[in-house]
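Asker: With the input below, show me the fold.
(chains A and B)
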Amino acid sequence: MTQFRRYIPVIAVIAAVVVLQVVLSATHATYYMTQITMSAYYALVVIGLCLLMGYAGQVSLGHAGFFAIGGYTTAVLTTLNLLPYRDTPLVKLCSSLGLIFQRQDIYGADILSFSPWVAFVAALLLAVIIAFLIGLPVIRLKGHYLAMATLGFGLIIYRIVLGGSIFGQADGISNIPPFMILDGLQVNGRVPYRVMNYYIAWSVVAAAMVLAINLVGSRIGRALRSIHENEEAAHSLGVDTYRYKLFIFVLSALFAAVGGVLLTHYNGSIGPSEVTVMKSVRYLVIVAVGGMANLWGALFMGIILNFLSLRGVFGSYDDAVFAIILIVIMLFAPQGLLRMPRLPALWHGLQAREDTAKPVPSEVEGMAVPQKQSGGSNG
Amino acid sequence: MDSVLLETRNLHRYFGGLHAVNDVSIKVPQGAIKGVIGPNGAGKTTLFNLIAATIPPQDGEVIFRGKKITALKPHTVACMGIARTFQTTKLFGRMTVLENVMVGRHCRTRCGFIAGMLNLPRTWREDRETKEKALEILYDLGLKDHASETASNLPFGRQRLVEFARALAMEPALLLLDEPAAGLNIYETKELARLILWIRDRGVTCLVVEHDMSLVMTICDDVVVLDQGRKIAEGRPSAVQRNPEVIRIYLGCDDAQNSES
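Answerer: Predicted structure coming up:
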């Protein structure tokens, strides 16, 4: 059952999550769970970006944009009041299909709007379509050019959100209803639902991790990594590099959008601060700190750093802290924080250096050759 | 036996004002080892890139197994059975030797994104087969002990061998070798010659761009000489060696012995 060995860390994480919940509940510190839940949704963005950046080697500085496409789509659709259009055939059709539901806003007035499930599906579809259309031209670019192009995309989304009246401009959108996933199971940020949402968020993260580690370990994962290592060689081995890069770009956008939708319902609101370039940079920093091609590192750092940030540990220097972390990581631990040169590794490194200082007995390592063929001289 | 596997017809490729490949027509028979020689800048690598569809020709066509492959993409051409190695070894440095060779099985396997993400049983089976096949090739090339090593940690000669293994994993019909002996010492070059002959004996047709004349003369059944983009001679190595135009243009002087490099 070697196929299932890869799931052991997932099970370990789930166990740790349960233990943490028990400890927090026992110590009456459940308020920490709110930030952990939010961090888990942000971690979804990070997992997607880790696949794109760490494994396929394609930079994106626009992932806050995809998060926002998810979040704002669901926000708009679930708060749009359709009451004035109640008698139009389209709205009638939608409500007969159960796509629309009636609720009351905080002032007790009736609101008719799309159900969160509809909004969820629409948000993901929209994110996939936009990622596909953006990716189509952009993913042909390499390195800095790709970074610039995705940065531009992020900026455009930010300006649209900030300027569009249906997006609430600088105020964003609030009073977003909870997301009833099933009867009794809902994404809701209120205190009574704290523990439930902690588990909902972690279930989604666990599912995302399983999909991601499976993908990375598969034929496609190898192809993606080979693109990262040497695109020309990958191409020559029959890997359709353009298609795979486009796919992983869309997939990572989808992960970001899922995070955006769920966090928006959890918070009950979304604002332009979710869409800033610094948010995109933050996701990128977390992937880098986690060790780039390291899903577990990305998840771990995604939870820790977002949690600290949300707890306000970094104060008003929040964005600066992430920028500094990026610089420090790039300078001193480009392999990520979890793979820092530890002492044993350093020791081995020193020993290896001594070994190479000794004269090598034979310069000729020799190219081994198939045993079956004999012939030719043995130099 | 004598059927033509690959044929180029009047290929032309310009880079700006440079006519890098000028009206080159060659035929590579099935099961042969064909050499492409010529001085630096003769258009050898460009010819390779045209065949592998890395760059398109401005005129002319490439026929592989009777089909025109000129307008196709490199990955399609690769999956049709044309493998290549590079002048400067292009391994996937941070992947293991085994993984490198497993990527070579890409065209021979099917499993897609969804099956991969869900880790469906058929992906296990396919992955196991891929691994077995890759290990088999590593064994054949004497690299089995290095399977789990990171590719970039291997010495240069072995890295080139891994590149061969990766290309062979594709089970190609045609293998394009771009200066396989570059950077190898005399001993390694001799081993390389044996390796190429062994590959041919497994049924893989080889097209070799090479500077090392002794290697070309030992292994090739047939040699094409390029100069400034044009084909100036073609034939058996011994015949080409005596061709006065080849001696004049390619070797640059009358005394052939002094100019071999």
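Asker: Which residues belonging to stretch A:30-42 are considered buried?
Answerer: Using 16 or more other CB atoms under 10 Å in any protein chain shown as the test for burial, stretch A:30-42 gives A:32-42. (C-beta placed from N, C-alpha, C; glycine too.)
Asker: Just name the closest of these to A:Val287, please.
Answerer: Comparing the buried residues of stretch A:30-42 against A:Val287 with CB to CB picks out A:Tyr42 as the nearest, at 12.0 Å.
Asker: Isn't the closest one up against A:Gly302?
Answerer: Yes - using CB atoms under 8 Å, A:Tyr42 is in contact with A:Gly302, at 6.1 Å.
Asker: Show me the helices in the stretch 51-200 of chain B, by range?
Answerer: B:74-80, B:97-103, B:113-118, B:121-140, B:156-169, B:186-201 (DSSP state H, counting those that start in this stretch).
Asker: ok, residues contacting the second one?
Answerer: The contact list for helix B:97-103, computed with CB atoms under 8 Å, 6 or more residues apart in numbering or on different chains, reads A:219, A:222-223, A:225-226, A:234, A:237, A:239, B:91-92, B:95, B:130-131, B:134-135, B:137-138, B:143, B:146-151, B:154, B:162, B:165-166, B:169.
Asker: and it, average pLDDT?
Answerer: Averaging pLDDT along helix B:97-103 gives 95.
Asker: One more: the last one?
Answerer: For helix B:186-201, mean pLDDT is 92.
Asker: got it, and the shortest one?
Answerer: Averaging pLDDT along helix B:113-118 gives 91.
Asker: Mind telling me which residue is nearest the centre of chain B?
Answerer: In chain B, the centroid-proximal residue (CA atoms, centre = their mean) is B:Leu176; its distance is 1.7 Å.
Asker: in the sheet, who's paired with it?
Answerer: Beta-bridge partners for B:Leu176, by DSSP bridges, are B:Arg84, B:Leu207.
Asker: Surely it and B:Leu207 touch.
Answerer: Yes - using CB under 8 Å, B:Leu176 makes contact with B:Leu207 at a distance of 5.2 Å.
Asker: what sits in contact with each of these two?
Answerer: With CB under 8 Å, 6+ apart as the test, B:Leu176 and B:Leu207 both reach B:48, B:51.
Asker: which residues touch residue 118?
Answerer: As the question left the chain open, I've gone with chain A. A:Val118 touches A:77, A:99-100, counting by CB under 8 Å, 6+ apart.
Asker: Chain B was what I was after
Answerer: Each residue near B:Leu118 by CB under 8 Å, 6+ apart is listed here: A:211, A:214.
Asker: Angles on the backbone of B:Gly112, please.
Answerer: phi -100, psi -170 (degrees, to the nearest 10).
Asker: Just the pLDDT for the residue lying closest to A:Phe101 once chain neighbours are set aside.
Answerer: Distance criterion CB to CB, 6 or more residues apart in numbering or on different chains; nearest residue to A:Phe101, sequence neighbours excluded, is A:Ser115 at 4.8 Å. A:Ser115 is assigned a pLDDT of 88 by the prediction.
Asker: I figured A:Ser115 was touching A:Arg103, is that so?
Answerer: No - with contact defined as CB under 8 Å, A:Ser115 does not reach A:Arg103; the gap is 9.7 Å.
Asker: neighbour-wise, which of these two wins?
Answerer: The residue with more neighbours, out of A:Ser115 and A:Arg103, is A:Ser115; 19 against 13, by other CB atoms under 10 Å in any protein chain shown.
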